[in-house]
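J.: How does the following fold in three dimensions:
(2 chains)
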Amino acid sequence: MTVAEKIWQQHSVAELGDATTLLHIDRLMLHERSGGRMLKGVLDAGRTVYDPSMVVGTLDHIIDTTPGRGDRTLFAGGAEFIKTFRDSAALAEVQVFDIGDARQGIVHVMAPELGIVSPGMTLVCGDSHTPTVGGVGALAWGIGVTQGEHVLSTQCLAVRRPGQMRVCFEGRLAPFVTAKDMVLWLIGRYGANGGKGRVVEMVGPVIRSLSVEGRMTLCNMMVEFGAWTAIVPPDDVTIEYMAGRPYRPTGTCWDSAEIYWRNLASDDDAKFESEIVVDCEDIEPQVSWGTSTEHVMGITGQVPDPAQAGSDIARASMEKALKYADLRPGDPLLGLGIEAAFIGSCTNSRIEDLRLAAGILTGRKVAPGLKAICVPGSTQVKHQAESEGLDDVFKAAGFEWREAGCSLCFFAGGDSFGAAKRVITTTNRNFENRQGPNVRSHLASPVTVAASAVRGAIADPRALGFNL
Amino acid sequence: MKSFVSLRGIAAPLPIDNIDTDAIIPSRETQSVARFGYGEKLFANWRYRPGTREVNPNFILNQAPYDRAEILVAGQNFGCGSSREAAVWSLVQFGIRCVISESYGAIFRNNAIRNGLLPITLAENEIKTILEEISQLNSANATLTADLKSCSVITSTGLVFDFQIAERDREMLLSGADEIELTLLRQAEIEAFREQDRRARPWVYDALWLSGKFE
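T.: Alright, predicted model coming up:
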């Protein structure tokens, strides 16, 4: 059996036929964007929340990230979301880490950081980047509002058994190449549906050498690979990470949990429908050019030609993307002028990401006229960064230093990049209008974003180097 | 939920890969906690001129007969991206009850099944044939039948394409059943599971954040 199949079996409440299992859900995470709708839906239907102790809420999606923020938000209608969420959570006796709480943060950043989720758990959330916490060895996936109401009402979900896929990362990463580049490379090579709705187990020497933070960056973007979810089986790195979490199991519970975690590995004869081996030596810093996460290339490369596409639809899709991006086949991205830079989101807002970006920014300034924003992923990350003096580095370089939240990962109608239309960003989606009307988003790692911010144009971090 | 049995209606061609849920309904269009009022917001960035509600005549759903479409035929990986269920609500509230694509975003597909929207999966060459037929600008050719009883798509010229769908999903769509009600019938099983699981994995049932303590 694979590690995902073992977790599946452990959580099987009933077999429903047609390869569908009623699974116990150990953790439901809520946020103010869809959490209020779910809670209100349950209460309005006259149902009760099955086990409020397994449900945790936070505010991240539409709250402001400007210092001194309160309930007022730039997002029109935002106050209604916040109020509905807060009121219905109170009625349902669900714990919420609100604005001003040191535990608040982007849901996929704060849940593992606090130890709310641990290896082998099932976790769902009304957000597509929920696979992030596969980085701690949990089986986690995104759901809609109706399925959220199902979990709230029953603490279970009926799920069809997914296929199993394994990606093995061999070799080693070159300097200035990060987990973000690994996952962008994978999507660029195998497509936005390369994961085909499967559980992607990630293994290999490069995975073992990554921190849990790096593993979470990889798992985060597996939804952009079309995977149902992704998981890194727990190892010593995971257990050491768990040991530092405030809500880790304690006493004898820790002892039995650790034994359980150490047994969570795929069997040697586990079956995978497909397997990909990646030689990480081949990966250079990556940057996206178009409007799908599969529109990605090495930073020294050239924009591809739609004429080379495999089908008429693929060609038309590439042509549409090039038009939106205002690029032509054969264009280099290196040196392409940008007007804004963003470091943050559930992909790249953890302490390690901020340290890497600060390594580039130390003693440097962002290009004149460039709007640069850094938004830590959680209040804890923000405090940690401030205790290390990273905020001073960002601010001295000319970055805005914000409060924790999702911020400009997506444009919700309020906060914006101003007049900037071409943006380099550590976020996960370069979709049309994702970061603002007509904004062209180029996805990259924190070091590439920092280097580009300094140059005012898409830049190779290897050319700048760390300035420590 | 409204059941889906069989539908004969106008099918609109939208031959683009990776149509994400941000395209189906932009984030800024979801500024209400309600489940209704999303029909006019469908594909807002493509359907209207930038920043307005002025109709963009170049977009397929603004052109007759496709402005009355009940079926969409799209490129692969339809509904990838965000988990927002409003993407499905906006399609259904516009009048789309069926999408035909090679593949779907997993969350979108789950949301579709639970809102009476049939996601049909066909092969690339079958979709190509259908697109050619429905793209001819006369309303007779733009009509398709999507039949969930026989699991087939029938074009106006009589071509038939069978599709497969998980039996549970099919039953849910055909009956319009409330999945939550069905699971609540299993309360005893859920309780029994939790009782034995609590012994096996006690830490899972220990919600330390409720103690109020935080270092």
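J.: How many neighbouring residues does the residue in the stretch 151-300 of chain A that chain B sits nearest to have?
T.: Residue nearest to chain B within the stretch 151-300 of chain A (Cβ to the nearest Cβ): A:Pro249, separated by 3.5 Å. (C-beta placed from N, C-alpha, C; glycine too.) A:Pro249: 23 surrounding residues under other Cβ atoms under 10 Å in any protein chain shown.
J.: touching chain B at all, the helix or strand containing A:Arg166?
T.: According to DSSP states H and E, A:Arg166 maps onto strand A:164-170. No. Judged by Cβ under 8 Å from any Cβ of the partner chain, strand A:164-170 and chain B are separated, with a smallest distance of 13.2 Å.
J.: And the following helix or strand past that strand, what does it pack against?
T.: Note on strand A:164-170: by DSSP H and E, the next helix or strand toward the C-terminus is helix A:179-190. When contacts are defined as 3 or more Cβ pairs under 8 Å, 6 or more residues apart in numbering or on different chains; DSSP states H and E, helix A:179-190 packs onto helix A:212-220, strand A:274-279, strand A:286-288, strand A:296-298.
J.: does any part of the first one sit near chain B?
T.: No. Using Cβ under 8 Å from any Cβ, we find that helix A:212-220 stays clear of chain B, coming within 13.5 Å at best.
J.: For the very next helix or strand once past that helix, give the mean pLDDT please.
T.: Sequence order places strand A:229-231 as the next helix or strand after helix A:212-220, per DSSP H and E. For strand A:229-231, the mean per-residue pLDDT is 98.
J.: name the helices or strands packed onto strand A:229-231?
T.: helix A:3-10, strand A:139-142, strand A:199-203, helix A:212-220.
J.: How far does that strand sit from its chain's centre?
T.: Chain-centre distance of strand A:229-231: 12 Å, with Cα atoms, centre = their mean, to the nearest Å.
J.: For residue 166, give me its contacts.
T.: This is for chain A. A:2, A:200-203, A:266, A:272, A:274-276 (Cβ atoms under 8 Å, 6 or more residues apart in numbering or on different chains).
J.: nope, chain B please
T.: B:Ala166 is in contact with A:18-20, A:160, counting by Cβ under 8 Å, 6+ apart.
J.: Could you do A:Glu388 as well?
T.: A:Arg355.
J.: before we move on, what about A:Cys374?
T.: So A:Cys374 contacts A:342-344, A:354, A:357, A:394, A:399-402 (Cβ under 8 Å, 6+ apart).
J.: Among those, name the buried ones.
T.: When the contacts of A:Cys374 are checked for burial by 16 or more other Cβ atoms under 10 Å in any protein chain shown, the buried set is A:342-344, A:354, A:357, A:394, A:399-402.
J.: Might you specify the subset of those located within strands?
T.: Among the buried ones among the contacts of A:Cys374, the ones falling in strands (DSSP state E) are A:342-343, A:400-401.
J.: Mind pulling the model confidence for B:Met215?
T.: Quick fix: residue B:215 is Glu, not Met. Per the predicted model, pLDDT is 64 at B:Glu215.
J.: residues in the stretch 351-468 of chain A within reach of chain B, list them.
T.: Selection of the stretch 351-468 of chain A residues close to chain B by Cβ under 8 Å from any Cβ yields A:410-413, A:429, A:431-434, A:437-438.
J.: Could you do the stretch 151-300 of chain A as well?
T.: So far as Cβ under 8 Å from any Cβ goes, the stretch 151-300 of chain A lies against chain B at A:153-156, A:158, A:160, A:192-193, A:196-197, A:224, A:226, A:228, A:246-247, A:249-250, A:253-254, A:256-257, A:260, A:292, A:294.
J.: Just the ones of the residues you listed in helices?
T.: A:153-154, A:253-254, A:256-257, A:260 (DSSP state H).
J.: List the beta-bridge partners for A:Arg166.
T.: Note on A:Arg166: beta-bridge partners A:Glu201, A:Glu275, judged by DSSP bridges.
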